[in-house]
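# Sequence and predicted structure, then a few things I'm wondering about:
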Amino acid sequence: MVVLLTSVGQRVDIARAFRAAGATTLGVDADPLAPALYHCDRHAIVPRIADPEYVPALAALRAEHDARLVVPLNDLDFPVLARERGHLAPALVLLPDPDVSARMSDKLEAHRFFVANGIPSPRSWAPEETPRDVRYPVLVKAREGFGSRNIFRAADRAQLDFFLDYTDAASFVQEACLGEEFSIDVFCDLEGRCLNAIPRTMLLSKGGESIKGVSIRDRELIEHGARVAETVGIKGPANVQCFREPDGSLPITDVNTRFGGGFPVPLAAGGRYPELALALARGERPEPRLGDFTEGVVMTRYFSEVCLGPGEDGALAVVHRP
């Protein structure tokens, strides 16, 4: 099966995982120097996501290569491809419904959804609604941010006012959590049933990307991640981020409707998420297996590289790849 991976960027882990699962990978990106392009079986350069020709370019590639599965890897892709998935038919676009993608892409709207549906979430406000007696520290966060971009920590009202004035991104204010942070990598079928949920610690992150972490069989986190995924309406992968607060609550800070940055942990722990994605694209209906993974799998990341040189047709070609 040909799998179209959009906005592959540095997601070499995803490209390798789908190849290992038996798929032929077609990676696309607007940047010809995106390293994951050169870890795919085939690759192509496409317009940027905001370009009106972006979706038509993907549709043409899908048809040319007969891709049956489209896996978006960039947060900016989600609202666009969820809304325009009809142009990529008959391939399965591994995203939830358009309203879910749009809601989870807007972090303040996601918070409001969590609260309305009985899911704990840190107190959050639009800037003009922030109470004077808010508990500091607070975070000024971009409503449609990703990674750690446009997130500022304010220790008092003066800093809060400064960062709200400083940032040029549409933002909201959120109370900082006090406990330990966890990520739960979930995968749901096309009916929204959670097939598995694998919690991991956040030992070290840089730039919003997980660098070190370990899988943990924490039943409370497993069940919490599954409940959140099914309440939100996830289809395919998602990364549920939460804290365990001193009072025992598990407030959700984010739900990313994609494979998480710490994807190598659930992969090595036996989650088999690429195989599940391929099964959905074949029209199969895998059964849930919550808690079926290996505990204690540790990920520690390092830098690697791909060296490119002129190819026979003038395009860049790999001259060295570890």
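Now that the structure is in, tell me what you want to look at. Numbering: from 1, shown residues only.
# To what extent is Val70 buried, counted in neighbours?
By other CB atoms under 10 Å, 26 other residues sit near Val70. Every residue, glycine included, has its C-beta placed from N, CA and C.
# tally of neighbours for the nearest residue to His320 once chain neighbours are set aside?
Spatial nearest neighbour of His320, chain neighbours left out: Cys307 (4.0 Å); criterion: CB to CB, 6 or more residues apart in numbering. Other residues near Cys307 come to 10 when the count uses other CB under 10 Å.
# thought Asn256 was touching Met104?
Yes: using CB atoms under 8 Å, Asn256 is in contact with Met104, at 7.4 Å.
# Looking at these two, which is more packed in?
More neighbours surround Met104 than the other of Asn256 and Met104, with 23 against 19 (other CB under 10 Å).
# Tell me which stretches of the stretch 201-322 of the chain form strands.
204-206, 209-214, 236-244, 252-256, 298-300, 307-310, 316-320 (DSSP state E, counting those that start in this stretch).
# and of the ones you listed, who's closest to Pro131?
Nearest to Pro131, of all those, is strand 252-256, at 19.6 Å by CB to CB.
# Output the closest one as PDB, restricted to C-alpha atoms.
This file holds the C-alpha atoms of strand 252-256, laid out as PDB (Å, rounded to 0.1, in the frame of the first residue of the first chain):
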ATOM      1  CA  ILE A 252      -5.800  18.100  29.800                       C
ATOM      2  CA  THR A 253      -3.600  20.800  28.300                       C
ATOM      3  CA  ASP A 254      -3.600  19.700  24.700                       C
ATOM      4  CA  VAL A 255      -4.900  17.100  22.200                       C
ATOM      5  CA  ASN A 256      -2.900  16.900  19.000                       C
END
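# Quick one: list the elements packing against it.
helix 107-116, helix 219-232, strand 236-244 (3 or more CB pairs under 8 Å, 6 or more residues apart in numbering; DSSP states H and E).
# average model confidence for the one helix or strand Leu26 maps to?
Using DSSP states H and E, Leu26 sits in strand 24-29. Averaged over strand 24-29, pLDDT sits at 98.
# try stretch 202-215
Averaging pLDDT along stretch 202-215 gives 81.
# mind listing what's buried in that stretch?
Using 16 or more other CB atoms under 10 Å as the test for burial, stretch 202-215 gives 202, 205, 210-215.
# ditto for stretch 113-132
Buried-residue list, stretch 113-132, by 16+ other CB under 10 Å: 113-114, 119, 121-122, 124-125, 127, 130.
# Distance-wise, check the residue nearest to His320 relative to Ile211.
Distance of Cys307 to Ile211, given as CB to CB, to the nearest Å: 23 Å.
# before we move on, back to that, for the helices and strands packed on strand 252-256, give me TSV that also has mean pLDDT.
Below are the helices and strands packed on strand 252-256 laid out as TSV (pLDDT from 0 to 100):
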stretch	mean pLDDT
helix 107-116	97
helix 219-232	98
strand 236-244	97
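# what's the most buried one of those?
Sort the helices and strands packed on strand 252-256 by mean neighbour count, taking mean count of other CB atoms under 10 Å, and strand 236-244 sits at the top with a mean of 24.
# okay, it in CSV with CA atoms only?
This file holds the C-alpha atoms of strand 236-244, laid out as CSV (Å, rounded to 0.1, in the frame of the first residue of the first chain):
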residue,chain,number,x,y,z
GLY,A,236,-6.6,7.6,13.9
PRO,A,237,-3.7,8.9,16.1
ALA,A,238,-3.6,11.6,18.7
ASN,A,239,-1.4,12.8,21.5
VAL,A,240,-3.1,13.6,24.8
GLN,A,241,-1.1,15.8,27.1
CYS,A,242,-2.0,16.1,30.7
PHE,A,243,-0.6,16.8,34.2
ARG,A,244,-1.1,14.9,37.4
